[in-house]
Each structure stands twice: as structure tokens, then as C-alpha cells.
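Student: Need a 3D model of the following:
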Amino acid sequence: MRAENGNVVPGLTIFASFRGYRAAWLSGDAIAGVMLAAIAIPEQLATAKLAGFPVEAGLYAFVAGTLAFAILGANRFASVGADSTIAPIFAASLGALGPPGSSEYHGLAAMLALGVGAILIGVGIGRLGWIADLLSIPVTTGVLAGISAHIIIGQLPSLLGLTIPQAPLLLRLLDIAQHAGNANPYACLIGLAVLAVTAVAGRVSERIPGALAGLCGAGFAVAALGLRAHGVAVIGSLKAAVPAFALPPATDVAHVTALAPLALVVAAVCTLQTAVVVRSFPSDPDAVDDASPDFTAIGVGSIVAGLAGAFPVNASPPRTAVVQGAGGRSQLSGLIAVATVAAVVAFFSQLAAYVPEAALAGVLIFVGGRIFRLNDMLRIARYSRREINLVLAGALLVVVLPIQTGMLLAIMLSLAHGVSLVMWPAATQLFQVRGTTVWWPPTGERDVVDVPGIVVFEPAAPLNFTNAEYISERLTDAVAQAKQPVKLLVIEGSAISDVDYTGSQKLQSVIGRLRARGTDVALARLIVPHAQAAAERSGLIAALGKDHVFKSVQEAVTGLTGGA
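Tutor: Next up, the predicted model:
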């Protein structure tokens, strides 16, 4: 069912990606499904380990997320399952409540999945996906860098064949460095080889299942060379059984209280990442997807995964890219991938007994390196020193503090940055471009002149209670610092998108004071209709006088001073 605007109505879409299906699409979906399974199997096994679960739990999460999305999701390409971005977030927090791998830990993870699922369903039905826009790209980039550090440092013991106790990240790194001399050379060689194979395959093409090839090669080496006898730890056989669906056991109030903010953080990351997937891989390149059904579908997938004894699921940008690149045209590719995974588990589960943990660590370190977006950081650094500081702050918060606390503070940092841009907006004095009627900032690229007795001032923000005092002070300073007595102050209002009552009253007060000192005040280019109406209702236009409101700066200067 579709709304009048053409978007799928959240909560009422069933098999949306299959609408208009054509027989010609079947071959592309089949190829994409098999390739998706080849990419997903090693990734899901490794992510389950990262989450503190038996490796087969990753496959349960993949099946639950994929089936839920195929039924309820709208995007044709999105791949859903266990996700290496959110796994370290909840694993670190749950590890403080119960020993990783214990029944208590698994019960808490299942309860978390139900909470995350409920939040995402609410986001989808309530069309609240805009929440993802509250996280700025610099802060998000920094947070992902911090998560990358958690993944890579957390997997170094397995790569080196060491047993290192759980500890805060930096202490754990120090402990690894102190025991590096005891590393198992066989495990280290295997892990580095799998990392290299995965990285080279990824550079050549996302469609090459380098991780699967690396795991198979590592398993063959363990079996052929008897490396278990040399201390190389293996993941053990997969359980080829249908999971027993059950509600998580009841837990105490303290644990529920601790899980609530964690569920919000994980749901926020899922919302952000799903929005990125939907925007990057739209079902129709000529239309903007409504992500609401997709949030709902991932929420249902998380709930099903929790009931199956797994953990929350998320949309995956790399796997989605594989589906689209391989020619997938609908969520049938996901269903084919699920069938392929089931066949592999049914017939080849015993072979996992030879897959070394170091090989999974190599896969995860590759994933962690991919999350570390160095190119984005370099672009941000070239653009703005202030915003690269946001990247560094976001990374440090996640690395130094407990990961859940760091994530919450990073989200608050992103919001604070957005608020600061409104509270202390760019407020620029404009000058006349020589020989024209154009007024422009003194950028050095244009030959501008200072017209005696005229000050033109542009506040680049809505005028409201958060910035009214700041803008008023900047206006007054611009007049006070002029080289000659100011006859006319023109406020260039093209960037003023709104005027609230407080902002209007503050500006009216400044207008009164300036006029009392002999400086006239005019308003030019207030072009946003909403701002025009607000200025009229609040009395700002009346305080200025309608004969002091103009469509251009030059019109104001000419009309009130006789020309410049």
C-alpha cells in the first residue's frame, strides 16, 4: 500500500521490493544471492565472535534480519544481519553486566535486541528517520574511528594467539604490548595471511569473497599441518540446528536501567547506518526512498534475532554494495543467500572445526580498518580545522571512555556543535564591489570598496532567542568600529530563515538605540516568506518602518542616502 506521495506507508508494506518483478531479474538475483552468502558467511561468523557469542549466532542474526527485511523492507538491495559497527558497542557494555559467553550475557543481549527492535519500529512507524541527520559527518567519522580502534585492538590477542583479560581499551593495548613476545607464530602468520587475502580481494573488487577464501585456506592449513597441536585455537564445529525461539529471561531493574540508554545508542547507530544505505543504494535512482519501512523491518529483524538467541541486527553498506554490484534487483537475492547459508551449515558445518580464531581476527581487523575512514578525515581537515577537531573529539571519547558513554557524549557533541552554529553564527560585514551594485564579503577575490557612512551587515542564521544577544552585539560593534560616523546600517537578511519573538525584541531595541545616536537602520533581502511573516507579526517591520524594508542592499542605500 502506498501513500499519496508515492512512498510506502510504514507498517503496511509487505514484499515491497518484489513489486513489478520480472522473470529477467531472476538470474541477477540468483548470482547476487550466492555472492552475498559467500561474503556474509565469514563476516557473520566473525561478527558473532566480536559480539561475544558462539559463531553460529551470527548466522542466526543474518537469517532473521534478511527474512524480516525481505518481508517488510522497501529497499531492493539492502542486506541486513549481524553488524561489526554495533557489535563492539553493545559487547563492551554487556560485558560489564555479565561475563561474555555466559547465559546471563546472552539473555541481556536478547533483551537488548528486543529494546532496539521496539525503538526502530517506533522510528519507522513514526517517520522519525530524520533523527539520523542530528549526527554530523565529522562526529560520525570520529565515532567510527573509535569503534575501529575497539575492533582492531580487541582482535589483536586472537591474531597473536594470546589470552589477554578484558580491560579498558588502552590498558588492554598496553597488556598486549607487554605479552607480544609470547605470540604464537603459527596463529600470527595465519591471521596476517587472511588479512592480506581479504584486503587484496577487496581492493580488486567487492564481489570477490576474499574473506571466505582466506578462511577456507586457513582451515586447510590447520588440518593439513596439524596446527592445533601447535596451540592454534579453532572456532569449533557449527551447530546445524534450528534455534529455539524463546523470550529472554527476566532480569533485575538495575540491568533494565543499564540497557535502556544502550538500546537508544544502538538504535541511533542503526538508524544512521540504514539511512546511509537507503540513500546510497536507492531502489529507484530517479526517486528518493522513504526509509520508514526499512527502519521497521530492521526493528522486526532485531526482535526475531533476539528471540532466536542472537543480538540486534543492522543494514550493511558493504554487503548492500555487493548485492547491487552483482546485479540483484530485489530482496529475492537475500532469500537465496539465506538458502545458501542453510545449505552450507547443513552439509559443511563440521569443517568449521578447522577454522582458526586467528583467521576470524584477520577478517575483523580488515573490517575495522574499513570503518576507519582516513580519506574522509583528510577531506574534513582540508575543509575546516574546527570540524577535524570534532573528528578527533569523537574518536577520543569512544576510545578513552567506556564505549557506550563515549557514544552518548559524541551524540551530545554533535548536537552541541549544531546548536553552536546557531548561537554564534557567521555574521559578516559586506562591502560594495567596485563599479557594481553588488555588496560582497571582503574575500580578496573581488575588488571591494568601503562606502563612507554605510555599514551593511549579514547575520547568517535565523534570528531567535539563542543568538539574539550575540547578533545584536555584532551589529553594534560593526557600527562602533566604522572608520567614519555611520549614517545608515543595512541588515542583509537573505540568510534569516526565521524571526522569533525574543530575536525581534532584541533587534528592535538595537534599532531604537542606533537611531537615537543618529544611525538609521534598514532591512534588505528578507526573502524567506516565513521570516517575512514572523517579522511582521512580531512588530519588527513596524519598528523599522515599511519604507525601510527593501528588496536589495543597493535599493536601501540609494533610497535612504540618495545613492552610493
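
Student: Could you report the neighbour count for Ala201?
Tutor: As a burial measure, the neighbour count of Ala201 was computed by other CB atoms under 10 Å and equals 19. (C-beta placed from N, C-alpha, C; glycine too.)

Student: is it fair to say Glu458 lies in a strand?
Tutor: Yes: checked against DSSP: H, G, I helix; E, B strand; the rest coil, Glu458 lies within a strand.

Student: Next, the contact list for it, please.
Tutor: By CB atoms under 8 Å, 6 or more residues apart in numbering, the contact list for Glu458 reads Ala427, Thr428, Gln429, Leu430, Pro441, Ile491, Glu492, Gly493, Ser494, Ala495.

Student: Not counting its neighbours along the chain, what's nearest the fifth one?
Tutor: Looking back up the chat, that one is Pro441. Spatial nearest neighbour of Pro441, excluding adjacent residues (CB to CB, 6 or more residues apart in numbering): Thr428 at 4.9 Å.

Student: Show me what that neighbour is bridged to.
Tutor: Each beta-bridge partner of Thr428 is listed here, defined by DSSP bridges: Glu458.

Student: Tell me which stretches of the stretch 251-400 of the chain form strands.
Tutor: Residue ranges of the strands in the stretch 251-400 of the chain, as given by DSSP state E, counting those that start in this stretch, are 314-316.

Student: So which residues of it form helices?
Tutor: 253-280, 292-307, 317-325, 332-348, 357-371, 374-383, 385-400 (DSSP state H, counting those that start in this stretch).

Student: Out of the ones you listed, the one nearest Val448 is which?
Tutor: Each of these was scored for nearness to Val448 using CB to CB, and the closest is helix 374-383 (24.7 Å).

Student: How far away from the center of its chain is the closest one?
Tutor: Taking CA atoms, centre = their mean, to the nearest Å, one finds helix 374-383 lying 17 Å from the centre of the chain it belongs to.

Student: Show me what counts as buried in that helix.
Tutor: By neighbour count with 16 or more other CB atoms under 10 Å, helix 374-383 contains the buried residues Asp376, Met377, Ile380.

Student: Make TSV from those residues and add distance to Ala315 and pLDDT to it.
Tutor: Conversion of these to TSV gives the following (distance: CB to CB, whole Å; pLDDT from 0 to 100):
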residue	distance to Ala315	pLDDT
Asp376	19	93
Met377	23	95
Ile380	24	94
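
Student: Tabulate those residues (JSON lines), appending distance to Val200.
Tutor: JSON lines is the format used below for those (distance: CB to CB, whole Å):
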{"residue": "Asp376", "distance to Val200": "23"}
{"residue": "Met377", "distance to Val200": "24"}
{"residue": "Ile380", "distance to Val200": "28"}
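
Student: From those, pick the one nearest Ala268.
Tutor: Checking these against Ala268 with CB to CB, the nearest one is Asp376 at 19.6 Å.

Student: How about that closest one, nearest residue that isn't a chain neighbour?
Tutor: The spatial neighbour of Asp376 that comes closest, neighbours along the chain excluded (CB to CB, 6+ apart), is Thr141 at 5.1 Å.

Student: how far is the helix or strand the one you found falls within from where the chain is centred?
Tutor: The secondary structure element spanning Thr141 is helix 137-160 (assigned by DSSP states H and E). Helix 137-160 has its C-alpha centroid displaced from the chain centroid by 15 Å (CA atoms, centre = their mean).

Student: same thing with stretch 432-449?
Tutor: On the basis of CA atoms, centre = their mean, stretch 432-449 sits 40 Å off its chain's mean C-alpha point.

Student: quick one: buried residues of it?
Tutor: With the criterion 16+ other CB under 10 Å, stretch 432-449 contains buried residues Gln432, Trp439, Trp440, Val448.

Student: rewinding a little: buried ones among the contacts of Glu458?
Tutor: Buried residues within those, defined by neighbour count using 16+ other CB under 10 Å: Ala427, Thr428, Gln429, Leu430, Ile491, Glu492, Gly493, Ala495.

Student: From those residues, pick the one nearest Val521.
Tutor: The shortest distance between Val521 and any of those, using CB to CB, involves Ile491 and amounts to 7.1 Å.

Student: Tell me which residues are up against the helix or strand where the closest one lies.
Tutor: Ile491 belongs to strand 488-492 when elements are defined using DSSP H and E. Identification of contacts with strand 488-492 by CB under 8 Å, 6+ apart yields 430, 439, 453-459, 475, 478-479, 507, 514, 519-525, 550, 553, 556-557, 560-561.

Student: Let me know the angle separating the helix or strand following it from strand 488-492.
Tutor: Towards the C-terminus, the helix or strand next in line after strand 488-492, according to DSSP H and E, is helix 501-516. Helix 501-516 and strand 488-492 meet at an angle of 160 degrees, taking axes from the mean of the first three to the mean of the last three CA atoms, to 10 degrees as the criterion.

Student: Tell me the buried residues in helix 501-516?
Tutor: Thr502, Gly503, Ser504, Lys506, Leu507, Gln508, Val510, Ile511, Leu514.

Student: what does stretch 102-118 give?
Tutor: Going by neighbour count (16+ other CB under 10 Å), the buried part of stretch 102-118 is 105-117.

Student: Now the residue nearest the centre of the chain: closest residue in space that isn't a chain neighbour?
Tutor: When CA atoms, centre = their mean is applied to the chain, the residue found nearest the centroid is Leu272 (4.0 Å). The shortest distance from Leu272 to any residue other than its chain neighbours is 4.4 Å, reached at Ala132 (CB to CB, 6+ apart).

Student: which among the contacts of Glu458 gets closest to Ser349?
Tutor: Ranking the contacts of Glu458 by separation from Ser349, with CB to CB as the measure, puts Ala495 on top at 62.1 Å.

Student: Who are the contact partners of that closest one?
Tutor: The neighbourhood of Ala495, defined by CB under 8 Å, 6+ apart, consists of Glu458, Pro459, Ala460, Ala461.

Student: picking that back up, run a quick neighbour tally on the residue nearest to Asp376.
Tutor: In terms of burial, Thr141 registers 23 neighbours under the definition other CB under 10 Å.

Student: same check, this time on Phe348
Tutor: The burial count assigned to Phe348 is 12, neighbours taken as other CB under 10 Å.

Student: separation between it and Val341?
Tutor: Taking CB to CB, to the nearest Å as the criterion, Phe348 is separated from Val341 by 11 Å.

Student: try Val451
Tutor: Note on Val451: its distance to Val341, by CB to CB, is 72 Å.

Student: cool, and Gly559?
Tutor: 74 Å.

Student: Which one's more surrounded, those two?
Tutor: Set side by side, Gly559 and Val341 show more neighbours around Val341, with 22 against 16, by other CB under 10 Å.

Student: is it true that the more buried one touches Leu59?
Tutor: Yes: with contact defined as CB atoms under 8 Å, Val341 counts as touching Leu59 (5.8 Å).

Student: where are the low-confidence patches of the stretch 351-500 of the chain?
Tutor: When residues are selected by pLDDT under 70, those of the stretch 351-500 of the chain lie in 444-446.

Student: domains of this protein?
Tutor: As recorded under automatic domain parsing, the domains making up the chain are 25-179+237-343+373-419, 427-561.

Student: end to end, how far does the last one reach?
Tutor: End-to-end span of domain 427-561 (CA to CA, to the nearest Å): 24 Å.

Student: one step back: from the contacts of Ala495, keep the buried residues only.
Tutor: Counted by 16+ other CB under 10 Å, those give Glu458, Pro459, Ala461 as buried.

Student: For Ala48, which non-adjacent residue is closest in space?
Tutor: Excluding the flanking residues, the one nearest Ala48 by CB to CB, 6+ apart is Gly58, at 3.2 Å.

Student: The host helix or strand of the one you found vs helix 253-280, what angle?
Tutor: Secondary structure assignment for Gly58, by DSSP H and E: helix 56-72. For helix 56-72 against helix 253-280, the angle between stretch directions is 60 degrees (the same axes, to 10 degrees).
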